[in-house]
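Undergrad: coordinates for the following, if possible.
(chains A, B, C and D)
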There are 2 protein chains.
Amino acid sequence: MNGIRRPYRRETEDVRREALISAALDLIAVGGIKAATVRAIAEKAGVTSGLIRHYFASKEDLVRESYHWMMQRMTADSADVLKDSECDSITDLAVFVAATLVPPVVDAARLGLWAGFMHEVQHDPLIRQVHIQTYLCYRDVLQSLIGPLPRAVSAEQLRADAIACNGVIDGLWMEACAVPEIFAPGEIQRIGLTSVGAILGVDLLSAHEKSQRPTS
Amino acid sequence: MNGIRRPYRRETEDVRREALISAALDLIAVGGIKAATVRAIAEKAGVTSGLIRHYFASKEDLVRESYHWMMQRMTADSADVLKDSECDSITDLAVFVAATLVPPVVDAARLGLWAGFMHEVQHDPLIRQVHIQTYLCYRDVLQSLIGPLPRAVSAEQLRADAIACNGVIDGLWMEACAVPEIFAPGEIQRIGLTSVGAILGVDLLSAHEKSQRPTS
DNA sequence: CATCTTATTGCACACTTGAATAATTCATCT
DNA sequence: AGATGAATTATTCAAGTGTGCAATAAGATG
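TA: Model (predicted):
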């Protein structure tokens, strides 16, 4: 058989793996896990489907690694918000909460991705571990922002506060992603700041407003 | 061909439709949407796969109706908590919040079900409409519980409070379903009561404790 | 009991799926 | 340049997918 084959370039393992992972995540975000077939992934990554099994033990394996990759990126993204902050602890927290409740963190595709994996969290041990690790990591960041606040609380109370704040933020993020049209612009962000502030007994709303305009 | 056919009983349309819907939901809860194949659904419902197309225009159609059915049941369940309450408004709210944050509402299968459909919410117009309707309905119940509280707030504030409380509850519910093992028993419930109370400026925790033991 | 309606089965069909493997072609090394 | 090795393609395969439709038997009606 001598049909003409498509030309190709050889790439490093890292390049190909990342291309396949990105393609898988794109597909899952838009069409759910069922849309991530080997053929669709390969086409989106610009290769043929056979290559998937060359770099991953199975398609399942690729999906698992994709989840890990995505969660790592999300964690890094949220940590970046505070990278070079020179503000007080209240303002840091306000900025952190506010950033989580507007685009690009609020994004239908991101929610689709997150939900697409949620069921695997129940059954795949590795995915479950990644989920827990990412959740705890995010909560720790939150706790490290809550801790320095000018309040006197026990360690137990601090943990409870972090869980609670994480809960509000997650819940609001979800609804904002799912059906943004039923909220006014900026409403969810404002509600998030107010609620977290109420839980912690600090005024996050004005702290956030203050952080917006000192560009003078 | 005259192989012996499996015997069967004729049932009404309602019985069969509900059996098929229940079977579909069971499968989706455990294995995600991809597990809900026509053959698996039919087997679990005790019929053969051809019957699905007799009662539903397509498998997709069955899935859509299943979602609708599930959401209606969830809404009804949460409304039932307050059915014959004779308590004051604070206690009603406390009971409502508390009920959402323990089993059977907190349940991995329920979360799996909910997440399994989340992606369809983005793309299927009917499912999206059902989602919005259910969300607003739940929030209205919440708002009707918040409204009578002994506080003086504007209508706008009331709406914001309801959104915020719904957010906390959703977020905590999610984490409790997903990874219950990282929380102490009753911890999420307590945190939920405290947080919602803090947002609204009322003491839900003691209101709930009070409602537990007046069985004298 | 005979007849009729239709709920239900059983099967075939066309397609898609993930996986396995043979066949190629690119890039590197001497 | 020419050979070597491995990245990549192309093809095949068995299993599973939803759908369409004819055959059948359950149960109501007369």
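Undergrad: looking only at pLDDT, what's the mean for the longest helix that chain A contains?
TA: Longest helix in chain A, counting residues (DSSP state H): helix A:155-178. Averaged over helix A:155-178, pLDDT sits at 97.
Undergrad: show me what the next helix or strand after that helix is packed against.
TA: Past helix A:155-178, further along toward the C-terminus, the next helix or strand under DSSP states H and E is helix A:187-200. Packing contacts for helix A:187-200, counted by 3 or more C-beta pairs under 8 Å, 6 or more residues apart in numbering or on different chains; DSSP states H and E, involve helix A:89-100, helix A:155-178, helix A:204-212, helix B:155-178, helix B:187-200. Bear in mind the C-beta positions are built from the backbone N, C-alpha and C, glycine included.
Undergrad: when you scan the least confident helix or strand in chain A by mean pLDDT, is anything in it near DNA strand C?
TA: The least trusted helix or strand in chain A, going by mean pLDDT, DSSP states H and E, turns out to be helix A:108-123, with a mean of 88. No. Helix A:108-123 stays clear of DNA strand C (C-beta under 7 Å from any atom of the strand), getting no nearer than 13.5 Å.
Undergrad: same for that helix, what does it pack against?
TA: Judged by 3+ C-beta pairs under 8 Å, 6+ apart, helix A:108-123 is in contact with helix A:13-31, helix A:59-80, helix A:125-146, helix A:155-178, helix B:108-123, helix B:155-178.
Undergrad: could those helices go into TSV alongside mean neighbour count?
TA: Below are the helices and strands packed on helix A:108-123 laid out as TSV (neighbours: other C-beta atoms under 10 Å in any protein chain shown):
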stretch	mean neighbour count
helix A:13-31	19
helix A:59-80	17
helix A:125-146	17
helix A:155-178	22
helix B:108-123	22
helix B:155-178	22
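Undergrad: give me the distance between whichever residue of chain A sits closest to DNA strand D and A:V15.
TA: With C-beta to the nearest atom of the strand as the measure, A:G50 is the residue of chain A nearest to DNA strand D, at 2.5 Å. From A:G50 across to A:V15, the span is 17 Å (C-beta to C-beta, to the nearest Å).
Undergrad: show me what contacts the spatially most central residue of chain A?
TA: Centre of chain A computed as the mean C-alpha position; nearest residue by C-alpha atoms, centre = their mean is A:M74, 3.5 Å away. For A:M74, the contact set (C-beta atoms under 8 Å, 6 or more residues apart in numbering or on different chains) comprises A:110, A:134.
Undergrad: ok so, going back, how much space between the residue of chain A closest to DNA strand D and A:V38?
TA: Distance of A:G50 to A:V38, computed by C-beta to C-beta: 9 Å.
Undergrad: out of these two, which sits in the busier spot?
TA: The residue with more neighbours, out of A:G50 and A:V38, is A:V38; 19 against 9, by other C-beta atoms under 10 Å in any protein chain shown.
Undergrad: tell me which residues touch the more buried one, please.
TA: A:49, A:52, A:59.
Undergrad: what's stretch A:81-97 in contact with?
TA: Stretch A:81-97 has contacts (C-beta under 8 Å, 6+ apart) with A:78, A:99, A:141-142, A:145-146, A:148-150, A:165, A:169, A:192-193, A:196, A:202-205, A:207-208, A:210-211.
Undergrad: in that stretch, what's buried?
TA: Using 16 or more other C-beta atoms under 10 Å in any protein chain shown as the test for burial, stretch A:81-97 gives A:81-82, A:89-97.
Undergrad: repeat that for stretch A:192-207.
TA: A:192-200, A:202-205, A:207.
Undergrad: how about the residues you listed in CSV, adding distance to DNA strand D and pLDDT?
TA: Below are these laid out as CSV (distance: C-beta to the nearest atom of the strand, whole Å; pLDDT from 0 to 100):
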residue, distance to DNA strand D, pLDDT
A:G192, 39, 98
A:L193, 45, 98
A:T194, 45, 98
A:S195, 42, 98
A:V196, 43, 98
A:G197, 48, 98
A:A198, 47, 98
A:I199, 44, 98
A:L200, 48, 97
A:V202, 51, 96
A:D203, 53, 96
A:L204, 48, 97
A:L205, 49, 96
A:A207, 50, 95
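Undergrad: in TSV: those, plus distance to B:V179.
TA: What follows is those, written out as TSV (distance: C-beta to C-beta, whole Å):
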residue	distance to B:V179
A:G192	23
A:L193	27
A:T194	28
A:S195	23
A:V196	22
A:G197	27
A:A198	26
A:I199	21
A:L200	24
A:V202	28
A:D203	32
A:L204	27
A:L205	31
A:A207	31
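Undergrad: ok, these vs A:G31, which is closest?
TA: Using C-beta to C-beta, A:G192 comes nearest to A:G31 of these, at 29.5 Å.
Undergrad: how much space between that closest one and A:D170?
TA: Note on A:G192: its distance to A:D170, by C-beta to C-beta, is 10 Å.
Undergrad: now the helices and strands packed on helix A:108-123 in JSON lines, with distance to B:I28?
TA: Output for the helices and strands packed on helix A:108-123, formatted as JSON lines (distance: least, C-beta to C-beta, whole Å):
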{"stretch": "helix A:13-31", "distance to B:I28": "16"}
{"stretch": "helix A:59-80", "distance to B:I28": "18"}
{"stretch": "helix A:125-146", "distance to B:I28": "18"}
{"stretch": "helix A:155-178", "distance to B:I28": "18"}
{"stretch": "helix B:108-123", "distance to B:I28": "5"}
{"stretch": "helix B:155-178", "distance to B:I28": "15"}
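Undergrad: please consider this matter closed, and thank you.
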